[in-house]
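Asks: prediction below, plus the sequence it came from.
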Amino acid sequence: MSVEQPSLAKRCLAEFVGTWILIFLGLGVVHTSVLTGAQQGLWQVAVVWGAAVTLAVYVVGGVSGAHINPAISVALATWGRFPRREVVPYILAQTAGAFAAAALLFVLFNPYLKEREREKGVERGGPGSEITAMCFGEFFPSPGPLSNSEGPYSLDEHRRINAFVPESSAFLGEVLGTMVLAIVVLAVTDPRNQGAPPAGLAPAFIGLAVAALVSIFGPLTQACFNPARDVGPRLFTMLAGWGTAALPRGSGVVTVYVLAPILGAVLGAGLYDRVLKPGEHAGEAIPEGRA
């Protein structure tokens, strides 16, 4: 007996909840790392991001497929694995979930954010306020060293650090990282892939892939790989006092954190679908991927 698919409204609600879990836990560990020093090193932050992905997929995967990422939704639709008419509703739900998570974290951590700004001698919305805005949206390279260094904020030091990661490098990093993520998502959820883990363990391996990628790309771009993860929280920071300080380096915010992950996911899904996928019937439909 076939199981009736949940309604689009229920699946969008699941995407909202799943993305909320992902961003609340993931940005939560960024807040505690940047503002309180609770974590020692990037790997601890990366592991929490990986756990956040895993838990979110376990919670809503059976309802919506747990895309929890606009790049994955677009990639699946591009290669015929997801209805194109449902992409926009999924993206809106994912972005709203990320926005809501950022808003709640702001309520919890605003006193810490204000104290860090006071310590570094910056005004929210002014030059240098990326050192707290980075707890929500993303910047290339990560302003973490500026936020955690001793002494007041230095514009000259900020410019020196920015020179290490030009927009072209950040764009390439986000394309590569999301491409690898999409390949892993499709591989570990493919029932024809004999090398894949048991179905119940697939989310754990997706989370492990995210942790590994964050460990590599975190210092370069803060490791986005998910436009909702960036757009929702960044939009919140713009409304919460950071204004245009949340949009530095011109068009880089859109190209690096929206276009690059989408391109990477489409390339990764296409590479798996057309080259790596096992089985004779390369065009045969399989269950929705998860990420």
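Replies: Now that the structure is in, tell me what you want to look at.
Asks: C-alpha only now, for contacts and for neighbours.
Replies: Fine.
Asks: elements contacting the helix or strand harbouring Val214?
Replies: Following DSSP states H and E, one finds Val214 within helix 202-221. With contacts taken as 3 or more Cα pairs under 8 Å, 6 or more residues apart in numbering; DSSP states H and E, helix 202-221 sits against helix 42-64, helix 167-188.
Asks: show residues contacting stretch 112-122.
Replies: The contact list for stretch 112-122, computed with Cα atoms under 8 Å, 6 or more residues apart in numbering, reads Leu35, Thr36, Glu123, Arg124, Gly128, Ser129, Ile131, Thr132, Ser147, Gly151, Pro152, Tyr153.
Asks: just name the closest of the residues you listed to Gly97, please.
Replies: Thr132 (20.9 Å; Cα to Cα).
Asks: and the residue nearest to the spatial centre of the chain, how close does it get to Arg274?
Replies: Computing the C-alpha centroid of the chain and ranking residues by Cα atoms, centre = their mean puts Asn226 first, at 3.7 Å. According to Cα to Cα, to the nearest Å, Asn226 and Arg274 sit 23 Å apart.
Asks: any idea how far the helix ranked longest in the chain is from the chain center?
Replies: Using DSSP state H, we find that the single longest helix of the chain is helix 87-120. Centre-to-centre, helix 87-120 and its host chain are 13 Å apart (Cα atoms, centre = their mean, to the nearest Å).
Asks: list the buried ones in it?
Replies: For helix 87-120, a neighbour-count test (16 or more other Cα atoms under 10 Å) marks 87, 90-103, 105-106, 112-113, 116-117, 120 as buried.
Asks: quick one on the thing from earlier: the residue nearest to the centre of the chain reaches Ser73, doesn't it?
Replies: No. Asn226 is beyond contact range of Ser73, at 10.4 Å (criterion: Cα atoms under 8 Å).
Asks: in what helix or strand does Arg160 lie?
Replies: Element membership for Arg160 (DSSP H and E) is helix 155-162.
Asks: and the average pLDDT for that helix is what?
Replies: In this model, helix 155-162 has an average pLDDT of 94.
Asks: what angle do that helix and helix 202-221 make?
Replies: Relative orientation of helix 155-162 and helix 202-221, computed by axes from the mean of the first three to the mean of the last three Cα atoms, to 10 degrees: 130 degrees.
Asks: can you point out the buried residues in helix 155-162?
Replies: For helix 155-162, by 16+ other Cα under 10 Å, it's His158, Ile161, Asn162.
Asks: only alpha carbons, please: show it as CSV.
Replies: The C-alpha coordinates for helix 155-162 follow below in CSV (Å, rounded to 0.1, in the frame of the first residue of the first chain):
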residue,chain,number,x,y,z
LEU,A,155,40.8,49.1,10.2
ASP,A,156,44.3,48.6,8.8
GLU,A,157,44.5,45.1,10.2
HIS,A,158,41.0,44.4,8.8
ARG,A,159,42.1,45.5,5.3
ARG,A,160,45.3,43.4,5.6
ILE,A,161,43.3,40.2,6.5
ASN,A,162,40.7,40.9,3.7
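Asks: residues contacting it, please?
Replies: Contacts for helix 155-162 (Cα under 8 Å, 6+ apart): Pro127, Gly128, Phe140, Pro141, Pro143, Leu146.
Asks: hmm, try it at 7 Å
Replies: Applying Cα atoms under 7 Å, 6 or more residues apart in numbering, the set of residues contacting helix 155-162 from outside is Pro141.
Asks: same question, stretch 71-83
Replies: Here stretch 71-83 makes contact (Cα under 7 Å, 6+ apart) with 67, 84, 87, 182, 226-227, 261-262, 265-266, 269-270, 285, 288, 291.
Asks: can you check stretch 137-144 too?
Replies: Counting by Cα under 7 Å, 6+ apart, 34, 130-131, 134, 162, 165, 170, 219-222, 230, 233-234 sit against stretch 137-144.
Asks: try stretch 168-184
Replies: Contact partners of stretch 168-184, identified using Cα under 7 Å, 6+ apart, comprise 72, 140, 206, 209, 213, 217, 220-221, 224-225, 255-256, 260-261, 263-265, 267-269, 272.
Asks: in the contacts of stretch 71-83, find the pair that's most separated.
Replies: Pro227 and Ala285 (25.8 Å).
Asks: looking at those two, which one has more neighbours?
Replies: Pro227 (24 against 12; other Cα atoms under 10 Å).
Asks: who's the closest spatial neighbour of the more buried one, skipping the chain neighbours?
Replies: Excluding the flanking residues, the one nearest Pro227 by Cα to Cα, 6 or more residues apart in numbering is Val258, at 4.9 Å.
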